[in-house]
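model the structure of this input:
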Amino acid sequence: MVAKYKQIPLKILVIGTAHEDVILYVDKLDSVDSSQGSQKIEKRVGGSAGNTLAVLSQFPMTKTWLMAPMASKEASKFLVQDFESRNIKTATCVFRPNVEYHQVTYFIHTEDENSRTVVNYNSIKELTFEEFKRKLDYACTVEIASLNTSIPFNWIHLEGHHTDAKKMVDYIDSRVWRNQSILSIRLDRPYKNGSENLIQKADIIFFSHVFAESKGYNRKGVYDFLKVMSRYCKDNAYLFCTWGSCGAFCYDNKTKRIYYATALQAPIVVDSIGADDTFVACAIYSLVQRMSPEGCLRFACELSSRKCAQFGFDGIIDEMNVLFRLFDRSESSSIIQSDSSSVIQSDSSSFIKKKKKLYNSLLNGLLRKRNAQKESIINNVDGGGFDFLSDEIQYDIINHDNLFTRSINKISSINSINSNTNNMNNSKLFINNFKK
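The predicted structure follows:
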């Protein structure tokens, strides 16, 4: 029996952008000066920081703060109401009273080519260091006073495109509580001078393929890219790099090991907006929950892939809670406090054992959800693997456990299973086929 997993509380401040996304869905884009209708229009909160928090706020025991520049409070009412409905605090946002329109990004999504055209409008000046310092001090005072603790946040996430980003990082690093918190930085825009200096004090860095390509690297050169960038990072830093439908990579600067996880192939992509933001949110949460770097990477890849198969972010983690019940903190990774920094250490020695338990639980959960008995699968496998199941169930079983993509083909080659046993050992016969 798997021991009940206890989630670790997350108090996070995300510093970045939040705006309104307007998505128009059309069959195709006609020629210039033509008129056409839209099948659907959707309006929702967007921006990297807003999307990341929309996902993080759904995880249990998570307290979220947003720091972003916004238009006047009246113009930003839609955004603020949405954040408050998700229990995302906006007291750390900076409202500009003279700005009548908040930032809007328009997406024109064409069904025939499954592509999108992006049009952005922004009249809001970015966050300055003075504004950041004032709001951070305010948030720290409120949190420390209300919770009677010396640690206002155990994670601060910063989007690295701010002009004053280096000053912000230095100020965070000078706080007395810094050695008890994690600092992550995201660089998802093309490279600009000074990026190396920005990441020197970060514990976690998230790179996009856009950033890597602007440095002259393609997907085959990711290892070289991460190795080069790791020279500017802390000795114990984790460096992530997302590469869209090709998956993502993680470089452990302490062990010099690189991990890779593929992206799930969803049957249909309906909404890829915010997939990278979902990845970042899941990576943050799973690291706080002390998952190993490999487990964290694969979990984040799976959920960001699932994001592409649904509209928006609501309910995105409902199917995934089982992951955190199965990863024992003592055997995955842990956040260890030191005199000078927060160190994330990993131990993947028992990862195979965890994979077995995870697959067993996922298989049972999927079958229970569809009111099907596990024995009906075990006893009916007769030379055809999972072929007798519906396409929907086959897709869920094979793709829900991205941890086993290298071994899933072995399942379909099973010819028979002893139908006399009807306990948990039945599924272990499947599990034994999962070997590295």
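
which SSE is Gln36 in?
For Gln36, there is no helix or strand it lies in under DSSP states H and E.

number of nearby residues for it?
Neighbourhood size, Gln36 [other C-beta atoms under 10 Å]: 10. For glycine as for every other residue, the C-beta is placed from the backbone atoms N, C-alpha and C.

the chain should start at 43 in everything you say after this.
Okay, residue one is now 43; in that scheme the one you just asked about reads as Gln78.

I'd say His204 and Leu169 touch.
Yes. Contact criterion C-beta atoms under 8 Å: His204 and Leu169 qualify, at 6.0 Å.

which residues do those two both contact?
Ile57 (C-beta atoms under 8 Å, 6 or more residues apart in numbering).

strands along the stretch 143-292 of the chain, start to end?
146-152, 157-163, 197-201, 224-229, 246-250, 280-284, 290-294 (DSSP state E, counting those that start in this stretch).

and those, which one averages the lowest pLDDT?
With a mean of 81, strand 157-163 has the lowest mean pLDDT of the strands of the stretch 143-292 of the chain.

quick one: contacts of that one?
Leu71, Tyr143, Gln145, Val146, Thr147, Tyr148, Phe149, Ile150, His151, Thr152, Ser314, Ile315.

filter those residues down to the buried ones.
Among the contacts of strand 157-163, the ones that count as buried by 16 or more other C-beta atoms under 10 Å are Gln145, Val146, Thr147, Phe149, Ile150, His151, Ser314, Ile315.

can you list the weak-confidence ranges in the stretch 43-192 of the chain?
Where the stretch 43-192 of the chain drops to pLDDT under 70, the residues are 43-47, 73-75, 154-156, 186-190.

if we can go back for a sec, please identify which of the contacts of strand 157-163 is nearest to Thr132.
Nearest to Thr132 out of the contacts of strand 157-163 is Gln145 (C-beta to C-beta; 14.9 Å).

looks like that closest one contacts Glu168 (just checking).
No. Using C-beta under 8 Å, Gln145 is not in contact with Glu168; the gap is 10.6 Å.

that older thread, just flag the most distant two among the buried ones among the contacts of strand 157-163.
Gln145 and Ser314 (20.3 Å).

quick one on the thing from earlier: list just the nearest of the buried ones among the contacts of strand 157-163 to Tyr213.
Gln145 (25.0 Å).

how close does that closest one sit to Leu95?
16 Å (C-beta to C-beta, to the nearest Å).

and Asn129, by the same measure?
10 Å.

hang on, the earlier thing: list residues touching both of Gln145 and Glu168?
Common neighbours of Gln145 and Glu168 (C-beta under 8 Å, 6+ apart) do not exist.

show me the common contact partners of Asn129 and Leu95, please.
Residues within reach of Asn129 and of Leu95 at once, by C-beta under 8 Å, 6+ apart, are Thr106.

tell me the phi and psi of the residue nearest to Ser328 when sequence neighbours are not counted?
Among residues not flanking Ser328 along the chain, Cys338 sits closest, at 4.2 Å (C-beta to C-beta, 6 or more residues apart in numbering). With angles defined as degrees, to the nearest 10, Cys338 sits at phi -60, psi -50.

and Cys338, what is it in contact with?
Per C-beta under 8 Å, 6+ apart, neighbours of Cys338: Cys292, Cys324, Ala325, Ser328, Leu329, Ser375.

which one of the residues you listed is nearest Ser118?
Nearest to Ser118 among those is Cys324, at 27.3 Å by C-beta to C-beta.

before we move on, the earlier item: just put the strands of the stretch 143-292 of the chain in CSV and tack on distance to Thr320.
Converted to CSV, the strands of the stretch 143-292 of the chain look like this (distance: least, C-beta to C-beta, whole Å):
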stretch, distance to Thr320
strand 146-152, 16
strand 157-163, 17
strand 197-201, 14
strand 224-229, 13
strand 246-250, 12
strand 280-284, 10
strand 290-294, 11
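
ok, which of those comes nearest Met109?
The nearest among the strands of the stretch 143-292 of the chain, by C-beta to C-beta, is strand 197-201 at 9.1 Å.

domains in the chain, as residue ranges please.
Domain assignment for the chain by automatic domain parsing gives 52-388, 393-473.

any idea which of these is most buried?
Among the domains of the chain, domain 52-388 has the highest mean neighbour count (mean count of other C-beta atoms under 10 Å), at a mean of 18.
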